[in-house]
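S.K.: sequence and predicted structure are below.
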Amino acid sequence: MQFRQKALSKLQSPEELDLPVRFARPQGRLVLAVTVLVMAAAAFWAVTGTVSSKLGAPGILTRAEGSYVLQSPVAGQVTEVLAEAGRLLPPGAPLLTVRTEQGDRPVRAVTGGRLTTLVARVGSVVTTGADVATLEHVKNPDDPLVAVLYVPGTGGASIPVGAPVDLTVQSVPQRQFGVLRGRVTAVGRAPQTPAQISGFLGDKALAEQFSRQGNPVAVLVELERSATTKSGYRWSSTDGPPYAVDSTTPVTGAVRLAAQRPADWLLP
């Protein structure tokens, strides 16, 4: 009780009413000013700034028309191989000679294209309908490559046509030569089954790989051309690799989606 009376009497005493009141120290005013500036900048960025996001997906370099698997029309033993991988073959070109009960029979290309894989070897035994080769639909060896990305789930719905794409090529060291540049030219309307992917790529193993997370959506990417690089395509580095890139090379694509304002994330 005595302490309370002393405190009240001190407050009622007019002897210190003329002393100035200190609201904040100079250091406190500086902290307050910095806090206000940071909050103002954050509010301005939330209204006018943009945030870009990327969607990653595996894929492969190929030709726009894809590939097909050549199957043997006869059963027997391969006695001769008549073509080499990498060669551009005309329609009806012989690839193999198979010795059957009726004599030696050739296995010919159904349509023209580039021979990418030859499974059969001299001495191997093939059955009717067995896969013996994979050919890429190519009419002109100078036809440009494209990249096909397989986006899992419903991710394809967020990809707009024309979106920039950065492609990490498996055969090219990224730290030294950077990434390959491209743009989305088409987005599949429906997910593709492993059979559809295999029918386009001519490779069942790749079809299973791209379908591990469910049936994916195919995204076609046109590679940007360049007359100053060895590969003929534009890279994030100045020159890119000192060699050409080939089809059937695995890639990983990073699709740059449309920029969004941060405020849009917060609004319902």
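M.R.: Yep, that arrived. Residues are numbered from 1 along each chain as shown.
S.K.: for the stretch 101-250 of the chain, what spans make up the helices?
M.R.: 174-177, 194-201, 204-210 (DSSP state H, counting those that start in this stretch).
S.K.: most tightly surrounded among those?
M.R.: helix 194-201 (a mean of 18; mean count of other C-beta atoms under 10 Å). All C-beta atoms are positioned from the backbone trio N, CA, C, and that covers glycine.
S.K.: now for it, which elements pack on it?
M.R.: The contact analysis (3 or more C-beta pairs under 8 Å, 6 or more residues apart in numbering; DSSP states H and E) places helix 194-201 against strand 67-71, strand 146-151, helix 204-210.
S.K.: including distance to Arg175 and mean pLDDT, could those go into TSV?
M.R.: Output for the helices and strands packed on helix 194-201, formatted as TSV (distance: least, C-beta to C-beta, whole Å; pLDDT from 0 to 100):
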stretch	distance to Arg175	mean pLDDT
strand 67-71	31	92
strand 146-151	20	95
helix 204-210	25	92
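S.K.: closest to Arg181 out of the ones you listed?
M.R.: Of all these, strand 146-151 sits nearest to Arg181, with 10.6 Å by C-beta to C-beta.
S.K.: residue ranges with poor pLDDT in the chain?
M.R.: 1-34, 36, 38, 40-52, 258-268 (pLDDT under 70).
S.K.: where along the chain do the strands fall?
M.R.: 54-62, 67-71, 76-81, 88-89, 94-100, 103-108, 113-118, 125-126, 131-136, 146-151, 164-169, 180-187, 217-223, 250-256 (DSSP state E).
S.K.: so which of the helices of the stretch 101-250 of the chain gets nearest Ala120?
M.R.: helix 204-210 (16.5 Å).
S.K.: re the thing from before, mind giving me a markdown table with the helices and strands packed on helix 194-201 and columns for distance to Gly182?
M.R.: Output for those, formatted as a markdown table (distance: least, C-beta to C-beta, whole Å):
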| stretch | distance to Gly182 |
| --- | --- |
| strand 67-71 | 20 |
| strand 146-151 | 6 |
| helix 204-210 | 18 |
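S.K.: looking at these, which is closest to Gly162?
M.R.: strand 146-151 (14.8 Å).
S.K.: nearest to Trp235 among the strands of the chain would be which one?
M.R.: strand 180-187 (5.9 Å).
S.K.: what residues of the closest one count as buried?
M.R.: By neighbour count with 16 or more other C-beta atoms under 10 Å, strand 180-187 contains the buried residues 180-184, 187.
S.K.: could you give the angle of that strand to strand 54-62?
M.R.: Interaxial angle, strand 180-187 versus strand 54-62 (axes from the mean of the first three to the mean of the last three C-alpha atoms, to 10 degrees): 90 degrees.
S.K.: give me the residues contacting strand 180-187.
M.R.: 146-147, 156, 159-169, 172, 217-224, 233-236, 240, 245, 251, 253, 255 (C-beta atoms under 8 Å, 6 or more residues apart in numbering).
S.K.: now do the contacts for Leu167.
M.R.: For Leu167, the contacting residues are 59, 147, 179-182, 221, 223, 251-254, by C-beta under 8 Å, 6+ apart.
S.K.: going by neighbour count, which of the residues you listed comes out on top?
M.R.: Ranked by neighbour count (other C-beta atoms under 10 Å), the contacts of Leu167 have Leu180 at the top, with 29 neighbours.
S.K.: bridging residues for it?
M.R.: Listed by DSSP bridges, the beta-bridge partners for Leu180 are Leu167, Trp235.
S.K.: distance of it from Leu118?
M.R.: For Leu180, the distance to Leu118 equals 28 Å [C-beta to C-beta, to the nearest Å].
S.K.: and what of Gln170?
M.R.: 22 Å.
S.K.: who has more neighbours out of the two?
M.R.: Leu118 (19 against 12).
S.K.: just give the nearest non-adjacent residue to the more buried one, would you?
M.R.: Counting by C-beta to C-beta, 6 or more residues apart in numbering, Leu118 lies nearest to Ala133, which is 5.0 Å off, once chain neighbours are set aside.
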